[in-house]
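Visitor: curious how this folds, go ahead:
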Amino acid sequence: MPIRPEDITDGVKIEKLSADGQSQDSTKFDIEGTNMMLNVRVAPRQKIHFDITYSYTLNKISHIRTGQVDTGAFFIAYFFPRVAVYDDIDGWNKNPYRGTEEFYNDFSHFNAEITVPGNYQVWATGDLTNTNEVYTERYAKRIADASMSDKVTDIITEAEMLAGGITKSNTTNTWKFDADNVTDFAFAISNHYAWKASSLVVDPKTGRRTRVDAVFNPAHEDYLEVINYARKTVEAMSYTFPKWPYPYPHETVFDGLDQMEYPMMVNDNPEEKAADGIELTDHEIFHTMFPFYMGINETKYGWMDEGWATIGEWIISPIIDPTLVDTFGVPQYEAVAGKEADQPIITLTTQLSGPSFEPDSYGKPGMGYFYVRDLLGDSLFTKALHYYIEQWHGKHPMPYDFFNCMNIGSGQNLNWFWKSWFFDGGVPDLAIGHVTHQGDEYAIVVANEGDKPIPINLTLYYKDGTTQLIHRTIEVWKTGSKTVTIPLHTRKRLQKIILGSTYDPDINKDNNVWVAPQ
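Guide: Numbers count the residues shown, from 1 in each chain. As a prediction, the model looks like this:
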């Protein structure tokens, strides 16, 4: 990714490293890109303790997911050395971190202490364990109250931020965070941000609550509503889709310069349009489940998490604002479908580039999940998805783990669809073949002139001004037939038929309209 010359530094620089007390010779570190190999062996069930002394130069101008936001605000991620994942598929994961392949980390316990100047605050992955040591009593109480209240609370207003007296009046304060069973750690600091918070019960069986935070520059007025978008997203995820109790104690949306997710943290730029703010907020928060809760290997299979964030965005955005129709991913797929760059979804993320990267990571898998949900119905789809989550959260599921779990959880063999949509090539192209009419009976023939199973959505326009929608799920293509005849009994006279809807990509829409002969 392009960076300014001022930000070309060593980034993370390891100064000393020891394994089980044995110092490693830094002059012999074998570094390839973002990977460093050590001449250290670990046997099955063996443990190795590493002590690492390192420094990290934060990027000041080139804010790419991390770095300085303004003169008094910073979002900090990717700042510490990690041990690569060892799995039973590839052994050590040696794919370098390039940004496009985002997350693949093991589940860890982070115990972090962050020391900053006394007038700065810190928000991070995990629980702040020493609230009373860093905040004055008034604000510590507000944080505690917000964690138990459904209403939106101003933890810190702009006026209070300017007045000061929020943190303990020390030269520096050390903020202590504890995060268990998470795959990454990120934090943000600021000396001039406002803070709104609210909480809600995410698990009615236990009464467990999640606190939602929006931390922002008061000059960005659109952020006044972000707390509502974020709260509604956490609520929708817990009770509507995927209908799984939000797994973490808090979620902080930080006003930064990017659009990026981390466990319990989001670095989101301000947006001028409310629709963009809603779609960005729910998309990034939805990543809590995929990849973080599930431990997805996003290095190889970006569609296993970005596709879920995409369908999550489609479903949750209209819950937040019923006027929204979120089409993200559909036109991007239509633009590339059938062209040389179009590749199957199952293609490794490391092998995707150019115009195929976004459709294969976002829109196409999102549609695949969307179509299966439509086929199974919300209840059975949720049952199958929960089976997948129950079997694999906290681990590292691979594509076949997902496909097999959905088959088992739903009690249906969906391999015909997984193969066609995720593995095979081909294009989406439905057409209205022909329409016959005799008396009160119509027969509408829909042809699959492409190769992909797409739902059938027919909007019927009658001469009396009324309309009707006819819907068929992808199941009509299960047997491999190339045409489907849809009978229609009506005394009204058809004037026009339009094939397709928001989430039905089609490379040729010229054959999607039928007009009754005069």
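
Visitor: how about the helices in the stretch 151-300 of the chain?
Guide: 158-163, 226-239, 274-286 (DSSP state H, counting those that start in this stretch).

Visitor: what do you get for the chain?
Guide: Here the chain has its helices, by DSSP state H, at 131-134, 137-146, 158-163, 226-239, 274-286, 303-320, 330-336, 357-358, 364-376, 378-392, 399-410, 415-417.

Visitor: related to what we said a few turns ago, can I get the helices of the stretch 151-300 of the chain in JSON lines including mean pLDDT?
Guide: Formatted as JSON lines, those follow (pLDDT from 0 to 100):
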{"stretch": "helix 158-163", "mean pLDDT": "96"}
{"stretch": "helix 226-239", "mean pLDDT": "98"}
{"stretch": "helix 274-286", "mean pLDDT": "98"}
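
Visitor: so for G480, which of the ones you listed sits nearest?
Guide: For G480, the closest of those is helix 274-286, at 34.2 Å, according to C-beta to C-beta. Heads up, the C-betas are built off the backbone N, CA and C, glycines and all.

Visitor: which residues sit against that closest one?
Guide: With contact meaning C-beta atoms under 8 Å, 6 or more residues apart in numbering, helix 274-286 is reached by 222, 225-226, 229-230, 232-234, 236-237, 251, 253, 259-261, 266, 268-271, 308-310, 312-313, 316-317, 320-321, 324, 326, 328.

Visitor: packing partners of the lowest-mean-pLDDT helix or strand in the chain?
Guide: One helix or strand of the chain scores below all others by mean pLDDT, DSSP states H and E: strand 30-32, with a mean of 88. If you count contacts as 3 or more C-beta pairs under 8 Å, 6 or more residues apart in numbering; DSSP states H and E, strand 30-32 packs onto strand 35-37.

Visitor: from M36, how far off is the most far-flung residue of the chain relative to its centre?
Guide: Going by C-alpha atoms, centre = their mean, the residue of the chain most distant from its centre is G439, 51.4 Å out. As judged by C-beta to C-beta, to the nearest Å, G439 and M36 stand 77 Å apart.

Visitor: also E102?
Guide: From E102 to M36 the distance is 20 Å (C-beta to C-beta).

Visitor: ok, the two, which is more surrounded?
Guide: E102 (20 against 14; other C-beta atoms under 10 Å).

Visitor: can you report how many residues lie near the residue lying closest to the more buried one once chain neighbours are set aside?
Guide: The spatially closest residue to E102, leaving aside those adjacent along the chain, is E298, at 4.7 Å (C-beta to C-beta, 6 or more residues apart in numbering). E298 is flanked by 23 other residues according to other C-beta under 10 Å.

Visitor: need the contact list for E298.
Guide: Contacts of E298 (C-beta under 8 Å, 6+ apart): E101, E102, F103, Y104, P291, M304, D305, E306, T349.

Visitor: likewise V484?
Guide: Taking C-beta under 8 Å, 6+ apart, we find V484 in contact with V445, V446, N448, I456, R472, V476, W477.

Visitor: out of these, who's nearest L17?
Guide: Closest approach to L17 among the contacts of V484 (C-beta to C-beta): W477, at 56.2 Å.

Visitor: ok, that closest one touching N448?
Guide: Yes: if you go by C-beta atoms under 8 Å, W477 and N448 touch, sitting 6.2 Å apart.

Visitor: list residues touching both of the two?
Guide: In contact with both W477 and N448: I454, V484, using C-beta under 8 Å, 6+ apart.

Visitor: any idea how far F241 is from the closest residue to D326 other than its chain neighbours?
Guide: Once flanking residues are discounted, D326 sits nearest to S317: 4.5 Å by C-beta to C-beta, 6+ apart. According to C-beta to C-beta, S317 stands 11 Å off from F241.

Visitor: wait, what's in contact with the closest residue to L376 other than its chain neighbours?
Guide: Take L376 and drop its neighbours on the chain: the residue closest to it by C-beta to C-beta, 6+ apart is S410, 5.5 Å away. By C-beta under 8 Å, 6+ apart, the contact list for S410 reads L376, L380, F381, K383, A384.

Visitor: before we move on, what about I227?
Guide: By C-beta under 8 Å, 6+ apart, I227 lies in contact with V152, K196, A197, S198, V212, D213, A214, V253.

Visitor: and the third one, how many neighbours does it have?
Guide: The number of residues packed around A197, counting by other C-beta under 10 Å, is 26.

Visitor: so how far is Y139 from the most centrally placed residue in the chain?
Guide: Centroid-nearest residue in the chain: H287, 3.1 Å away (criterion: C-alpha atoms, centre = their mean). As judged by C-beta to C-beta, H287 and Y139 stand 29 Å apart.

Visitor: and D255, by the same measure?
Guide: D255 is 19 Å from Y139, by C-beta to C-beta.

Visitor: how about the contacts made by P455?
Guide: Contacts for P455 were tallied using C-beta under 8 Å, 6+ apart; they are Y371, D374, H471, R472, T473, I474, S501, Y503, D504.

Visitor: in this protein, where is pLDDT below threshold?
Guide: The model of the chain has no residue with pLDDT under 70.

Visitor: run the last query once more with 80
Guide: Scanning the chain for pLDDT under 80 picks out 26-28.

Visitor: got the CA coordinates for stretch 511-518 in CSV?
Guide: The C-alpha coordinates for stretch 511-518 follow below in CSV (Å, rounded to 0.1, in the frame of the first residue of the first chain):
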residue,chain,number,x,y,z
ASN,A,511,-34.0,-10.2,-21.6
ASN,A,512,-35.5,-9.6,-18.2
VAL,A,513,-38.6,-7.6,-19.3
TRP,A,514,-41.7,-8.9,-21.0
VAL,A,515,-44.4,-6.6,-22.3
ALA,A,516,-47.8,-7.9,-23.3
PRO,A,517,-48.6,-7.5,-27.0
GLN,A,518,-51.0,-4.8,-27.8
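
Visitor: so between S317 and F241, which is more surrounded?
Guide: Between S317 and F241, S317 has the larger neighbour count (other C-beta under 10 Å), namely 26 against 21.

Visitor: returning to that earlier point: T125: which of the helices of the stretch 151-300 of the chain is closest?
Guide: Per C-beta to C-beta, nearest to T125 of those: helix 274-286, 13.8 Å.

Visitor: ok, and the closest non-adjacent residue to M294?
Guide: With C-beta to C-beta, 6+ apart, the residue lying closest to M294 is H393, at 5.5 Å.
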